[in-house]
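In: Fold the following.
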Amino acid sequence: MFLNILKNFLIKNKISQFLSNTPDNHSDGIIQSVGVIFDGNINLEIEKVINELAIKGIDKNQIKVLIFKNKMNKNEVIHHELITYKEFKWSGELTHSKAESFLNTNFDLLINYHEFDRSPLVYLSYYSKAYFKVGFKTNDKIINKFMVNTSIYNYQLFVDELLKYLKILNKI
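Out: From the prediction side, this is the model:
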């Protein structure tokens with residue numbers, strides 16, 4: 001518990017060093033590949049969010065998911081990439097190779113599907129090489145280029161609003 005608090009503090013320090021130099025990645029093209037970062041600490045129906053995106057026209061094969069949880073339960077079955085505090089070094093760097101691969105992928109769209117600014121989630125969002133980053137209104141306003149003001153539990157409304165504005169921006 002104490003070690004996770006210390007790691008969280010170190011990750012926050014690493015993020016604060018780099019937030020003033022946020023890269024300006026952007027693409028004028030149509031969104032084809034989508035990355036989604038979920039907060040696994042709250043009870044979300046991840047598959048329903050992904051299915052809603054697929055129903056609305058995003059190719060399900062082009063959606064990649066990364067989940068962060070404080071701690072992995074032994075009996076829990078996860079069908080997507082999962083990271084915990086164990087995958088972070090004391091220097092605040094990530095050691096999980098598949099998570100690194102996720103962050104180095106040039107997604108056309110990154111959905112930060114988490115509400116609060118937990119340091120590991122902000123770290124993952126910041127270091128992603130995605131061109132267009134979106135999230136909830138409560139997320140960090142420096143990282144996300146677009147924010148949707150809705151509840152994290154109302155995934156249908158979130159997806160509807162997101163796609164409505166992406167259409168206006170000629171992204172889909």
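In: Can you tell me the SS state at the residue positioned nearest the centre of the chain?
Out: Using C-alpha atoms, centre = their mean, the residue of the chain that lies closest to the mean C-alpha position is residue 37, 2.6 Å off. Classification of residue 37 using DSSP: H, G, I helix; E, B strand; the rest coil returns strand.
In: bridging residues for it?
Out: Beta bridges link residue 37 to residue 66, residue 112, judged by DSSP bridges.
In: Need the pLDDT of it.
Out: Looking at residue 37, its pLDDT stands at 95.
In: same question, residue 12
Out: Residue 12 is assigned 69 on the pLDDT scale.
In: on that earlier part again, who's in contact with the residue nearest to the centre of the chain?
Out: If a contact means C-beta atoms under 8 Å, 6 or more residues apart in numbering, then residue 37 has 65-68, 110-114, 121, 124-125, 128 as its contacts. No exception for glycine: its C-beta is placed from N, CA and C like everyone else's.
In: How much space separates it from residue 170?
Out: 25 Å (C-beta to C-beta, to the nearest Å).
In: returning to what we had before: quick one: which of the contacts of residue 37 is nearest residue 55?
Out: Distance to residue 55, by C-beta to C-beta, is smallest for residue 111 among the contacts of residue 37, at 15.3 Å.
In: how many neighbours does the closest residue to that closest one other than its chain neighbours have?
Out: Excluding the flanking residues, the one nearest residue 111 by C-beta to C-beta, 6 or more residues apart in numbering is residue 36, at 4.6 Å. Residue 36 has 22 neighbouring residues, counting by other C-beta atoms under 10 Å.
In: repeat for the one 10 residues further on
Out: Each residue near residue 46 was counted by other C-beta under 10 Å, and the total is 17.
In: Many thanks, I have nothing further to ask.
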